[in-house]
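In: Here is a sequence together with a model predicted from it:
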Amino acid sequence: MAEFFIEGQKALDMLRRDVKMNTVRQGYIFEGSDGIGKKTVARHFAQMIFCTEENKPCGKCHGCSMFNAGSHPDFFVLEESPVKIDSVRRMNDELFVKPLISDRKVFIVEHADEMNNESQNAFLKSFEEPPYYAVIILVTSSAHKLLPTIVSRGARVSFSPFSQSEIEGFVTKKYSLTGARASFVARYSAGIVGRSVEICENEEILGKRDGIIAALKDLSHEKITILKVINAMGATGRDTPYDADFYFDVFTSFFRDVAAVKSGGAIINTDYKDVIEGFARNIRASSARRVIDIASRVKMELSSNLKAKMKYDLWITNMLIKCWEEIYGTGNRS
Ligand SMILES: [Zn+2]
C-alpha cells in the first residue's frame, strides 16, 4: 500500500488501531477543512474494515478487490451536495439490510453538514441506534453545523492542517519544485495537501500565475498596459472562467506582498521577490490595500451575481481601470 502523506495520518493511525483491536465504533464524525483528506481517510478506513488479511488493507483479498473495483456491496457513499431527503431515506432503508459479503456495512456521508434539519432528523434514529453491523462516517467541515444530538452520538475525529515546512518538504520531494516555488505552493495551499497537489499537478495553473505576475510587472503609467493584465486574468470572453478564483488569488496575493514589502512583512510570492520589490517602489501602501479591496469586491460580485458572471471581461476591465487609477492617479490619463 502506498504511503500516505495526509493531514489525517494521525487520524488514520487511530482508526487502524480501532480495526486491529476490534473496537470500531458505529458512528464517526470526521471534521476538518476542505481538501484536507477526510474523504480519503474515510475510504481507506472502510477498506481496512472490509479487508480480511492481517496487514490491512492488503489490496489483494476478496474484500479489498471488490472495494478497489468500486463494487463492494456493503459499502455506501452519499456524495450528494446538497443532500436530498430522499437519499437519506434510501440510506435509512439500506442500513437495515444485512451485509452481503462482509460482517460490516460501511456508510459515508461526504457532505453531512449539507443535510438540512429535516434530513438530519430523518437520519437521527439511524445514527443513534444503528444495527450492530453498521459503521456510519459523517464528513463535515465543522461539527457545529450538525445537530448537537448527532454530534453527541459520534466519535469525533479531527483533521488539522500541516505546517508550511511540512508541505514544502512534500512538494519538493514529490514534484521536485525549486525552493521559492515550493514555498509559494506551501503558503498558497495553507497547509492543505489536497490543494498543493492540485496546484502542482496542473502545470498550466502555475503558468497562468507567471502570466499574471509578468503582466503586473509591465504595468506602467501607460494606461494601455492594463490590456496585458486583462488577458492574463483570463478575461478574453464574457463567461467567467472556471479558475477565476485562482486568478483573483494570484492578483491579490501580489498586492498583499507589495503592501507587505512596504511594511517590512513577509511575502508569499518569494520566487518573484525582485518584481514585487520593484513594483512596491512606485506605489503607496494605501493604494496597494485599496487595490486589494477593489479586487475582493469584484471577486465577490462575480461569485454571487449571475448577471456579473456573464460579463466577466467587462467586470475585469472596469476593475483594472479602477486599480490603475488608484496606482497611477487619474491625472495621468492621456
Ligand atoms: Zn485485504
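Out: The structure has been received and is ready for your questions. No experiment lies behind these values; they were computed from the predicted model shown.

In: Now do the contacts for L320.
Out: Counting by C-beta atoms under 8 Å, 6 or more residues apart in numbering, L320 touches I226, V229, I230, M233. From N, CA and C alone the C-beta is placed, and that goes for glycine too.

In: let me fix that: G191
Out: Here G191 is in contact with E7, P161, F162, S163, Q164, E166, I167 (C-beta under 8 Å, 6+ apart).

In: From those residues, pick the one nearest the ion.
Out: The ion lies nearest to E7 out of these, by C-beta to the ion, at 24.8 Å.

In: Keep only those of the contacts of G191 that are in helices.
Out: Q164, E166, I167 (DSSP state H).

In: got a winner among the contacts of L320 for most neighbours?
Out: M233 (26 neighbours; other C-beta atoms under 10 Å).

In: Would you check that that one makes contact with I316?
Out: Yes. M233 is in contact with I316 according to C-beta atoms under 8 Å; the separation is 5.2 Å.

In: How is the protein divided into domains?
Out: 9-158, 164-201, 204-328 (automatic domain parsing).

In: so which of the ones you listed gets nearest the ion?
Out: Comparing the domains of the chain under C-beta to the ion, the one sitting nearest is domain 9-158, at 3.1 Å.

In: how about the closest one, does it reach the ion?
Out: Yes. Contact of domain 9-158 with the ion (C-beta under 5 Å from the ion) involves C51, E53, P57, C58, C61, C64.

In: ranking those by neighbours, who comes first?
Out: Neighbour-wise, the residues of domain 9-158 next to the ion (other C-beta under 10 Å) top out at P57, 23 neighbours.

In: residues touching it, list them.
Out: M1, H44, Q47, M48, F50, C51, C64, F67.

In: what about it, distance to F50?
Out: 8 Å (C-beta to C-beta, to the nearest Å).

In: Name the residues contacting each of the two.
Out: C64, F67.

In: my read: G211 touches G234, true?
Out: No. Using C-beta under 8 Å as the test, G211 is too far from G234 to be in contact (9.3 Å).

In: Just send the domains of the chain back as CSV, with mean pLDDT too.
Out: Below are the domains of the chain laid out as CSV (pLDDT from 0 to 100):
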stretch, mean pLDDT
domain 9-158, 92
domain 164-201, 82
domain 204-328, 93
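
In: With neighbour numbers in mind, choose between G211 and G234.
Out: Legend: neighbour count by other C-beta under 10 Å for G211 and G234, higher for G234 (21 against 18).

In: which residues touch the closest residue to that one other than its chain neighbours?
Out: Excluding its sequence neighbours, the residue lying closest to G234 (C-beta to C-beta, 6 or more residues apart in numbering) is P241, at 4.3 Å. Neighbour list for P241: G234, Y247, Y312 [criterion: C-beta under 8 Å, 6+ apart].

In: How much space separates N22 from I49?
Out: In terms of C-beta to C-beta, N22 sits 11 Å off from I49.

In: what ranges do the helices span in the stretch 151-300 of the chain?
Out: For the stretch 151-300 of the chain, the helices defined by DSSP state H, counting those that start in this stretch cover 164-175, 179-188, 193-200, 203-217, 226-232, 244-263, 273-280, 285-304.

In: right, and those helices - which one's nearest R89?
Out: helix 193-200 (31.3 Å; C-beta to C-beta).

In: Which strands or helices does the closest one pack on?
Out: helix 164-175, helix 179-188, helix 203-217 (3 or more C-beta pairs under 8 Å, 6 or more residues apart in numbering; DSSP states H and E).

In: For E94, find the nearest of those helices.
Out: helix 164-175 (37.8 Å).

In: Could you count how many residues lie near G264?
Out: Neighbours of G264 (other C-beta under 10 Å): 6.

In: For it, give me phi and psi.
Out: phi 80, psi 20 (degrees, to the nearest 10).

In: quick one, which of N22 and I49 is more surrounded?
Out: I49 (23 against 6).

In: and the gap between that one and I137?
Out: Distance of I49 to I137, computed by C-beta to C-beta: 10 Å.

In: can you check R153 too?
Out: 13 Å.

In: Grab the nearest non-local neighbour of the residue nearest to the spatial centre of the chain.
Out: In the chain, the residue lying closest to the centroid (C-alpha atoms, centre = their mean) is G35, at 3.8 Å. Closest residue to G35 apart from its sequence neighbours, by C-beta to C-beta, 6+ apart: G194 at 3.3 Å.
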